[in-house]
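Novice: below is the structure, and that's it, no one-letter string:
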């Protein structure tokens, strides 16, 4: 004998099923609403088949930056390649002016270099663990002249004081202070915060990549140092007694420090794909303002522009089979309110080996480096491409 089901029971079962479906789908709906503008604003800007690229005379570009007067582009390799200067007065038609090739001081190993330019645009200082400190006269951009070499062990990053008479150099074990006017014994101060990489390896532990860490001069009395122990604020008012007055150990694998134009914030390109913001208006109360996490697997480059209100990140994703980066993106992020950074736009890059980039002074052009490798030769190119960094 068939028994009729209670209509109320059927309704309850149907209602329960609907509620379960809503609960399951709600997170996906929110994700779609969050990222739909990012997907809409994502565009492909780089395809090497439709650009006029200039080949440079070394194969591995590690850094690109604009000159202080925004009229030239400096392109650097590692410490066995070289440096090139481009004229970017006409952003649509950049020109290679000069190249300097570093000596082959080591057979098998290369290391990152770091570069800083004086405010008048007449001198360039380059450091690397194996080159030491190279001082160039670049008053004539078409003819780079090596003025002098200062021998410094394990020089990794460099930042100049406001008067440009001293250089603070991140070393393997901490920091050196160098008097740029002295030919002999130029080191006038030192801060040691950690063991050297050689000591770490000798103890059977993993090494620390030399491209990690950074240094940024705040003023004549204070310097920010990023090394294997994290972020340090150093009191350098007395070079015979340099001391740390603030430390953040969680930033031990940070790559880059950027000081905001008004000196109220610092931006740290931290481990993997994360950028962290700090309020440094009061050195007695340095506060974290949160950060921004890229959707990419890693971030290799960070630039701040528009008076500190926007950030550009170069990120990429790994190939699951061999962990080689198989595509890259540039993200434009609004950081005018650091507590709530917002992604404005994405640019996809259709180039297999994409290394570094720089942004034109008017924020309308991007200068791109990419590499091409075949059976016989590894080549590197630089070109400019018009972009729109504003949200549409």
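Specialist: Looks like it arrived, so ask away. Just so it is clear, the model here is predicted, and its values are computed rather than measured.
Novice: alpha carbons only for contacts and neighbour counts from here, please
Specialist: Noted.
Novice: which stretches in the stretch 201-350 of the chain count as strands?
Specialist: Ranges of strands in the stretch 201-350 of the chain, per DSSP state E, counting those that start in this stretch, are 214-217, 222-227, 230-235, 243-248, 256-259, 265-269, 274-279, 287-293, 298-305, 310-318, 325-334, 342-350.
Novice: in its sheet, what does the last one sit against?
Specialist: Spelled out, that is strand 342-350. Strand 342-350 has the following strand partners under DSSP bridges: strand 42-47 (parallel), strand 325-334 (antiparallel).
Novice: equivalent analysis for the first one, please.
Specialist: Strand 214-217 has the following strand partners under DSSP bridges: strand 222-227 (antiparallel).
Novice: now the fourth one
Specialist: Each strand pairing with strand 243-248, determined using DSSP bridges, is listed with its direction: strand 230-235 (antiparallel).
Novice: contacts for the partner strand, please.
Specialist: 221-226, 242-254 (Cα atoms under 8 Å, 6 or more residues apart in numbering).
Novice: rerun that using 7 Å as the cut-off
Specialist: Residues from elsewhere that reach strand 230-235 (Cα atoms under 7 Å, 6 or more residues apart in numbering): 221-226, 242-252.
Novice: quick one, strands of the stretch 51-200 of the chain?
Specialist: Under DSSP E, counting those that start in this stretch, the stretch 51-200 of the chain gives strands at 54-56, 61-66, 72-77, 82-87, 95-101, 114-117, 123-128, 132-137, 145-150, 155-160, 166-171, 174-179, 187-192.
Novice: in the sheet, who's paired with the residue nearest to the spatial centre of the chain?
Specialist: Nearest to the mean C-alpha position of the chain, counting by Cα atoms, centre = their mean, stands residue 301 at 3.2 Å. Using DSSP bridges, the beta-bridge partners of residue 301 come out as residue 314.
Novice: equivalent analysis for residue 232, please.
Specialist: Counting by DSSP bridges, residue 232 forms beta bridges with residue 225, residue 247.
Novice: from now on call the first residue 647
Specialist: Okay, residue one is now 647; in that scheme the one you just asked about reads as residue 878.
Novice: can you list the strands of the stretch 697-846 of the chain in JSON lines and add mean pLDDT?
Specialist: Shown next, in JSON lines, are the strands of the stretch 697-846 of the chain (pLDDT from 0 to 100):
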{"stretch": "strand 700-702", "mean pLDDT": "78"}
{"stretch": "strand 707-712", "mean pLDDT": "81"}
{"stretch": "strand 718-723", "mean pLDDT": "86"}
{"stretch": "strand 728-733", "mean pLDDT": "89"}
{"stretch": "strand 741-747", "mean pLDDT": "90"}
{"stretch": "strand 760-763", "mean pLDDT": "92"}
{"stretch": "strand 769-774", "mean pLDDT": "92"}
{"stretch": "strand 778-783", "mean pLDDT": "92"}
{"stretch": "strand 791-796", "mean pLDDT": "90"}
{"stretch": "strand 801-806", "mean pLDDT": "93"}
{"stretch": "strand 812-817", "mean pLDDT": "94"}
{"stretch": "strand 820-825", "mean pLDDT": "93"}
{"stretch": "strand 833-838", "mean pLDDT": "92"}
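Novice: highest mean neighbour count out of those?
Specialist: Mean neighbour count (mean count of other Cα atoms under 10 Å) peaks for strand 801-806 among the strands of the stretch 697-846 of the chain, with a mean of 26.
Novice: mind listing what residue 985 touches?
Specialist: By Cα under 7 Å, 6+ apart, the residues touching residue 985 are 935, 936.
Novice: what is the neighbour count of residue 1008?
Specialist: Using other Cα atoms under 10 Å, residue 1008 has 9 neighbouring residues.
Novice: how much space separates it from residue 912?
Specialist: According to Cα to Cα, to the nearest Å, residue 1008 stands 23 Å off from residue 912.
Novice: rewinding a little: can you tell me which of the strands of the stretch 697-846 of the chain is nearest to residue 994?
Specialist: strand 707-712 (19.2 Å; Cα to Cα).
Novice: which secondary structure elements does the closest one contact?
Specialist: The elements that strand 707-712 packs onto, with contact taken as 3 or more Cα pairs under 7 Å, 6 or more residues apart in numbering; DSSP states H and E, are strand 718-723, strand 999-1005.
Novice: that strand: partners in the sheet, and parallel or antiparallel?
Specialist: strand 718-723 (antiparallel).
Novice: now what about the strand it pairs with, what contacts it?
Specialist: For strand 718-723, contacts defined as Cα under 7 Å, 6+ apart pick out 706-713, 728-734.
Novice: let me know the angle separating it from strand 728-733.
Specialist: Angle, strand 718-723 to strand 728-733, by axes from the mean of the first three to the mean of the last three Cα atoms, to 10 degrees: 160 degrees.
Novice: so what's the gap between strand 718-723 and the chain middle?
Specialist: On the basis of Cα atoms, centre = their mean, to the nearest Å, strand 718-723 sits 15 Å off its chain's mean C-alpha point.
Novice: how about stretch 716-732?
Specialist: The chain centre lies 16 Å from the centre of stretch 716-732; the measure is Cα atoms, centre = their mean.
Novice: and that stretch, how far apart are its ends?
Specialist: 11 Å.
Novice: just stretch 936-951 next, same as before
Specialist: Start and end residues of stretch 936-951 are separated by 19 Å (Cα to Cα).
Novice: which outside residues touch it?
Specialist: Residues contacting stretch 936-951 (Cα under 7 Å, 6+ apart): 915, 918-923, 956-964, 985, 987.
Novice: separate out the buried members of these.
Specialist: Neighbour counting with 16 or more other Cα atoms under 10 Å marks 915, 918-923, 956-963, 987 as buried within the contacts of stretch 936-951.
Novice: pLDDT-wise, what's the bottom of the residues you listed?
Specialist: Ranked by pLDDT, these bottom out at residue 918 (68).
Novice: and the gap between the nearest residue to residue 792 once chain neighbours are set aside and residue 926?
Specialist: Setting aside the residues directly before and after it, residue 792 is nearest to residue 782 in space (Cα to Cα, 6 or more residues apart in numbering), at 4.5 Å. Distance of residue 782 to residue 926, computed by Cα to Cα: 34 Å.
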